[in-house]
Every structure is written in C-alpha cells, then in structure tokens.
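Student: What shape does this take:
(one chain, ligands or ions: 1)
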Amino acid sequence: MASKHGLVHIFLVAFPAQGQVNPLLRLGKLIASKGNVLVTFSAPKSIGKKMSNAGAAVSSDPTPVGNRGGMIRFEFFDDGCDEDKYDQPHDLDTYLSLLEAHGTKALKEIINNHTLNGSPVSCLISTPWVLWVCDLAQEFNIPCAALWVQSCACFSTYYHYQNSLVPFPSEEQPDIDVQMPSMPVLKSDEISSFLHPFTPHMFLKRSFIGQFKNISKPFCILAETFQELEEDAIKYMSQIFPIRAVGPLFKGALHDTGSNISGDLLKADDCLEWLDSKPDSSVVYISFGSVVSMKQELVTEMAYGVLNSGVSFLWVLNMKTTTTIDKTGELPKGFLEEVGERGMVVQWSPQAKVLTHPAVSCFVSHCGWNSTMEALSSGVPVVAFPHRGDQVTNAKYLEDVWKVGIRMSRGEAENRVIGRKDVEECLKEATSGVKAVEMKKNALKWKKAAEEAVAEGGSSDRNIQEFVDKVKKLRVQ
Ligand code: UDP
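Tutor: Here you go, the predicted model:
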C-alpha cells in the first residue's frame, strides 16, 4: 500500500484528556522525525478546538517534522458530544460508550477516505481508553499498536489484578501488601487506588479494567517509560506482552523542529520571564495536573504552608480544564499581596519548559505519570502529593525506588487534610539540608539516564526506530 506522498501513513487516536494527548502527540512527532512517515494525529473535535484556541498549529495539511522528510497532520472526529460543551467526567461510563460508537463510525469513514485518496493507513496507534481502535484495525486488516501512558509497574498491577495472579486487598482483607514479580512490595495504599475494594470511584475502576480488555490485541505496546528506569518490571512484563519502552517522550520530542505543535489544551500563562529573574534552584513549582482539583480547606492549608516555609514558588491553580471533577478552592484573602514578588500563581504553565528551567528547585506534584516522567528526566526532585489512581504508586516509586522524592501525602486513602505544618516541613526538607542534596543528586542521575535513553542509539531511540521499521516492513507484506 503506497501512499501518494511515498510516506508510510501512521494514524494516532487519542482519548480526550491532557494526560493522553501530550504523550501521544509527542510520540507522533518522534515517529515522524524518523523520516518517510506521515503521522495523522486524531482525537475528538473538542480537543482540536481546545488545541487551536491554545495557539497550536493543528492543520489538516501535512507539516514537516525534523529533517528527514517526516510529516504530521491533524484530523478530528465527531464523538457525539457538542464540541463546545465537552464535560463528561461525572459520567465516564456513558461517555466511553458514546465515544466508541461515534468514534468507530467516524474513523471508519476517515480510514476509507484515506484509502480512496491515495494515503492508505498502514498502522493505527491508540491510547488505552480508546483501545476499541484495535477492533477497527482488525476489520480493516491494518496492524494496531498501543501507547501505554502509565508506568510499567502499573501495567503489571492491572495485569496481575485482572487475572487474579497474586492476592490483592479485598473486602475481607483490605490492608494486605501486594507482591508482584520484579516489583517491590506495595502496601495496600500504594497500588492504584481504583483497585481498592472500597474505592469511591467505581466508574473509574470499571473504566481502567475495561481498558485492559483489548490489551492483548496490539502487535506492539509502546510505553512511556524507559528501560533503565523500570528495568526489572519491563523485563518481566515484556515476556508476556510486546512492550517496548520509548520514553521519556517529551525529552525525545524536544529535539524535533515542529515545536509549535503543542498538545496544550489551555494557553500557558507567561511565567518564564519571571523564572528568569530568580536565582538558580530557588523556586518550588507546584502543580497537580489537569484533573485533580483541590478543596477549599486544602488550598488554604497549602497556601499558608508555602507562605510559612519562606520559599519562592510558582503555583498552577484554578485552571479551567474540561476534565476537572470538582471546583478548586480559592486562595486566602490577602495571600498574593503578602507573597509579593516571592511567588507567582498561574492558571496553566508551560510545564515541560518550567521543569527544565534552572530556577526550579523542586516540584510539588500530584504524581500523574506525565508529570513524574517530566520531573525525573529534567533532574527535578519531587514532593509527592498523590491523590488517586496510579499517582499513589508513582509516589511510592519516586520516594523509595528512584529516591528523588518525599511524600507529603499517601493519597485519598489517608482520608485527612494535609495541614500547613506538613506542607512547610516537606518544602523545607526538599529544598535544603542533607535530604535535599541527596534527592538532587539522584534526580540528576535519572536525568542523565533519560538523556541517554532518547539519544541516537539509546534504548528508547532504538525501540522507536525498530517500531517504525516494523511498520514499514508490514506495509509491504
Ligand atoms: N501540564 C502543563 N501545564 C500545567 C499543568 C500540567 O503543561 O500547568 C501538563 C504536564 O506537563 C503533563 C500534563 O499536563 O504533561 C498532565 O499529565 P499528568 O499525567 O501529569 O497528569 P493528569 O493531568 O493526567 O492528571
């Protein structure tokens, strides 16, 4: 199947969430940069609208990426929702069905059109919550791959849970430890909180388990991690699944020339100039990703903790993302005046750039997987403030395995509001003293390892190249 451009056409389908759009788009740019590939990035129309409002170039015409003739283009599809009103997280079950029904229909038409127009699709890649794309691929007899956007440890956890391979916390024994092969023992509040018997988020549990239904179908599972970071878990799980670590994707994607192609769903506030004015390693960056919202009491405690610690800070608060479940609280009256030049509060930051800025000393993070990878590969220690899901596992690894973090909280299972004293103490510990020095040293070690993984000939670079070569080979068979 030759395309009219003479390029292999790889078609990417993203679930509409910032945490999935970012890694998939980064992967798309990396693949295109390998040369002779046309990548189409596709997602529901609401995403196209948000990316475009945020200032990204999302043209349906192919745009060159890198200098080896690769291209990327965008094509958004109807998911059955009003593209201006997408706000579904309260009823994810309903939305997932709607997305599958409308998405399947729309993508069938799109794939057919590409065949008719001389750009047949040679491979489909989707993120976990849209793995029904594999069924579509089967129907069209097109190879299908997946991009796993959490850690390999979490992949292993879902696999062992779904197949009842080791004991997990149950209603009878809710507090037992979990021991999976090639992984450290996880306490009951360190496995993805959605797998806990008393999770208040049953719909998320169903969705996470549901996503695994099709996981044996892709011929390759590209994973946003890197070999050196999760050596044992990757080795073990890749005996069972065709897992290939290709991360950290943002590090790899930084090298390309298509840098005006960003996956941001909100326009980033300008804070880099402010960071430029600060001394090296003097600013604490605080952000809880695109989904977690903070209740009023927590915002108040966090604000006073930050204030009392005396640190300089950049805090992402009150962002109006479409996926935020609850309303975020407001800063105490007079807080900003009291803080003055010492702090800056924004609604959305250019996080990848912030984390690589020399002024940043540490990252108070909810430990979403993208944020975790971005911190690790930028050499920035983490004050872990996990909320739910895989974030609690990531926090455990940051502290005990990679040794670049301290936990300010253990997640929602702890069932307490973190007080201002906890915040103050954690910030002081992470920014000065023996622990801070040790964490920074380890963080720089991971940064180096990440750089080596994505450099030409590194473990992730080789895996991407092998993947692209394989797709090209499959095309001619
Ligand atoms: N992000 C950003 N600016 C912000 C907050 C977050 O660019 O102010 C990006 C961040 O770099 C990451 C993504 O949004 O790539 C969030 O993904 P993550 O997996 O960390 O958390 P989620 O939002 O899925 O909970």
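Student: switch to C-alpha atoms for all contacts and neighbour counts from now on
Tutor: Noted.
Student: Next up, the contacts around L204.
Tutor: 92, 194 (CA atoms under 8 Å, 6 or more residues apart in numbering).
Student: Which element is encountered next along the chain beyond the helix or strand containing it?
Tutor: Taking DSSP states H and E as the definition, L204 sits inside helix 202-211. Toward the C-terminal end, the helix or strand that comes next after helix 202-211 (DSSP H and E) is strand 220-223.
Student: got the CA coordinates for the helix or strand just after that next one in PDB?
Tutor: Per DSSP H and E, the first helix or strand lying C-terminal to strand 220-223 is helix 231-237. In PDB, the C-alpha atoms belonging to helix 231-237 read as follows (Å, rounded to 0.1, in the frame of the first residue of the first chain):
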ATOM      1  CA  GLU A 231      14.500  -2.400  34.200                       C
ATOM      2  CA  ASP A 232      13.000  -5.400  36.100                       C
ATOM      3  CA  ALA A 233       9.300  -4.700  35.600                       C
ATOM      4  CA  ILE A 234       9.900  -4.100  31.800                       C
ATOM      5  CA  LYS A 235      12.000  -7.300  31.500                       C
ATOM      6  CA  TYR A 236       9.300  -9.300  33.300                       C
ATOM      7  CA  MET A 237       6.200  -7.900  31.500                       C
END
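Student: For the helix or strand just after helix 231-237, name the packing helices and strands.
Tutor: Tracing the chain past helix 231-237, the next element assigned as helix or strand by DSSP H and E is strand 243-245. Where contact means 3 or more CA pairs under 8 Å, 6 or more residues apart in numbering; DSSP states H and E, strand 243-245 is packed against strand 220-223, helix 231-237, helix 459-476.
Student: List the neighbouring strands of strand 243-245 plus their orientation.
Tutor: Its sheet considered, strand 243-245 pairs with strand 220-223 (parallel) by DSSP bridges.
Student: which other residues reach the partner strand?
Tutor: Applying CA under 8 Å, 6+ apart, the contact partners of strand 220-223 are 144-152, 241-247.
Student: Widest-spaced pair of these?
Tutor: C144 and S151 (20.7 Å; CA to CA).
Student: Give the buried subset of the contacts of strand 220-223 as a PyMOL selection command.
Tutor: Here is the PyMOL command that selects the buried residues among the contacts of strand 220-223 (16 or more other CA atoms under 10 Å):
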select buried, resi 144+145+146+147+148+149+150+151+152+241+243+244+245+246+247
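Student: Count the residues that sit near E337.
Tutor: Number of residues near E337 (other CA atoms under 10 Å) recorded here: 9.
Student: for K473, same thing?
Tutor: 10.
Student: what's the answer for R462, then?
Tutor: A count of nearby residues for R462, using other CA under 10 Å, gives 18.
Student: List the contacts of it.
Tutor: Shown in contact with R462 (CA under 8 Å, 6+ apart): E456.
Student: What separation do you get for it and Q239?
Tutor: Note on R462: its distance to Q239, by CA to CA, to the nearest Å, is 19 Å.
Student: tell me which element the nearest residue to M180 once chain neighbours are set aside is part of?
Tutor: In this structure, M180 finds its nearest non-sequential neighbour in V166, 6.8 Å apart by CA to CA, 6 or more residues apart in numbering. Secondary structure assignment for V166, by DSSP H and E: no helix or strand.
Student: got a list of what V166 touches?
Tutor: Neighbour list for V166: 160, 178-180 [criterion: CA under 8 Å, 6+ apart].
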